[in-house]
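>>> Provided below for reference: sequence and predicted model.
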Amino acid sequence: MTHTVLVTGVSRHIGARVASVLAADPDIDRVIGVDTVPPPSLSGDGGVPAGRTEFVRVDLRGSDIAQVIAAADVDTVIHMSLLSAPPGGGGRTFMKEHNVIGAMQLLGACQRSATIRRVVVRSTTAVYGSSPHDPAVFTEDTEPAEPPGHGYAKDAAEVEGYVRGFARRRRDVTVSTLRFAGFMGCGVDSPLTRYFTQPVLPTMLGFDPRLQFVHEDDAVEVLRRMATEDHPGTFNVAGDGVLLLSQCARRAGLPSLPVPPAVFRSLGDLARRLGLVAFSPEQLRLMRHGRVVDTTRLAAALGWRPKIPTAAAFEEFVRARDLAGGLPAAMTDLLLSAVEQAVERAVNRPANPPPVRR
């Protein structure tokens, strides 16, 4: 029986939805949402209805989370607060502290709690990395050929290590780790979805990666089940099927511009500086080598599998963002010309420019 659930990361879309769904469950007595800022529905900005969710402002990097868990007799924790890109006011250091130090503080509080019975942690398939030496399909037991060395993926891998340590120390607690493919749906805003809303899609010349997505409705349903049932272990979560990046571009009706990998990285750096797309190193590798995971373990444990395939999830995103049909031909030609000129300048720029005489 689940009585009191604590959900972290409720200021973001999926976290808010999970809290809302759990709050609507009559078998759950209380839902507490924590974050550094209130979710939109509680701050007057619209968004997912809060329902019975009680919001508590907590920075996971501090010790206050332990007081919240103890005071509310929390028995189930859903940890959703994993940043995939630095927030507007913070850089990589803040993101690292939030992801890793925050998870350590939360798990420490859970370890000291006498009431905790279930912990569910949101992770990502990015922990497998992306390299030319990868297997065709990753299972939960596959070791990455090239483990992620920095960024969001490295943070997630470190968090998973702390989760495994917690599970060994608290064998009386059911611990579930969910490795999600990229979230997709009408309400999702992420570096990946922002990439697909660019007027022109830069792609890596000679590469057409395989991609998987999980629809936000299926992601919320998996989290709901894990919060109310005991399914210990690590599980991949993705919609059935795969899409090539070229197929995504065609379905979105967007022109693509194949460029050499070095130029792709330069364009990613430019987009990040302009605040358009927060390309991280692991996302650049994903757009080169792709990644596909097996979800057999999830289906066997739950007797259920995501209902919306990868292709259907992406198509719903395209319809919601009104991407289908692309841009008017004249605008497309203008944008392509501008990008091609930028690429030509980047390619022809001397590697070591002469020093400036003063």
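It's in.
>>> burial count for the nearest residue to residue 242 once chain neighbours are set aside?
The shortest distance from residue 242 to any non-neighbouring residue, by CB to CB, 6 or more residues apart in numbering, is to residue 210 (4.6 Å). Quick note: C-beta positions are derived from backbone N, CA and C, even for glycine. Using other CB atoms under 10 Å, residue 210 has 17 neighbouring residues.
>>> Wait, residue 210 touches residue 243, no?
Yes: using CB atoms under 8 Å, residue 210 is in contact with residue 243, at 7.4 Å.
>>> Mutual contacts of those two, please.
Counting by CB atoms under 8 Å, 6 or more residues apart in numbering, no residue touches both residue 210 and residue 243.
>>> And for residue 304, the neighbour number?
The tally of other residues near residue 304 (other CB under 10 Å) stands at 12.
>>> Pretty sure it sits against residue 225.
Yes: Residue 304 lies in contact with residue 225 (CB under 8 Å); the separation is 7.1 Å.
>>> any residues in contact with both of these two?
Counting by CB under 8 Å, 6+ apart, residue 304 and residue 225 have no contacts in common.
>>> which residues are contacting the host helix or strand of residue 250?
Element membership for residue 250 (DSSP states H and E) is helix 245-252. When contacts are defined by CB under 8 Å, 6+ apart, helix 245-252 is touched by residues 196, 201, 203, 207-209, 211, 243, 255-256, 287, 290, 311, 314-315, 318, 323-324, 326.
>>> go on, stretch 80-95?
So stretch 80-95 is contacted by 7-10, 12, 14-15, 18, 35, 60, 98-99, 102-103, 122-124, 151-152, 155-156, 159, 190-191, 223, 278, 280 (CB under 8 Å, 6+ apart).
>>> So which of these belong to helices?
14-15, 18, 102-103, 151-152, 155-156, 159, 191, 223 (DSSP state H).
>>> So which residues of this structure form helices?
13-23, 40-43, 64-72, 92-96, 102-112, 151-169, 191-195, 216-228, 245-252, 261-273, 281-289, 296-302, 310-320, 329-348.
>>> closest one to residue 131 among the ones you listed?
Among the helices of the chain, helix 281-289 comes nearest to residue 131, with 5.8 Å by CB to CB.
>>> Taking helix 245-252 as reference, get the angle to that closest one.
90 degrees (axes from the mean of the first three to the mean of the last three CA atoms, to 10 degrees).
>>> helices or strands up against helix 281-289?
helix 151-169, helix 191-195, strand 201-204, helix 261-273 (3 or more CB pairs under 8 Å, 6 or more residues apart in numbering; DSSP states H and E).
>>> which one of these lies closest to residue 231?
Across the helices and strands packed on helix 281-289, closest to residue 231 is helix 151-169 (CB to CB), at 12.9 Å.
>>> got the contact list for the closest one?
82-85, 92, 95-96, 99-100, 103-104, 107, 110-111, 119, 121, 123-124, 126-127, 129, 147-148, 173, 175, 177, 232, 234, 280-282.
>>> Buried among these? Need that as a selection in ChimeraX.
To isolate in ChimeraX the members of the contacts of helix 151-169 that are buried, counting by 16 or more other CB atoms under 10 Å, one can use:
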select :82,83,84,85,95,96,99,100,103,104,107,110,119,121,123,124,126,127,129,148,173,175,177,232,234,280,281,282
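>>> returning to what we had before: now do the buried residues in the helix holding residue 250.
Applying 16+ other CB under 10 Å to helix 245-252 flags 245, 248-249, 251-252 as buried.
>>> How far off centre is that helix?
Remark: helix 245-252 is offset 21 Å from the chain centroid, using CA atoms, centre = their mean, to the nearest Å.
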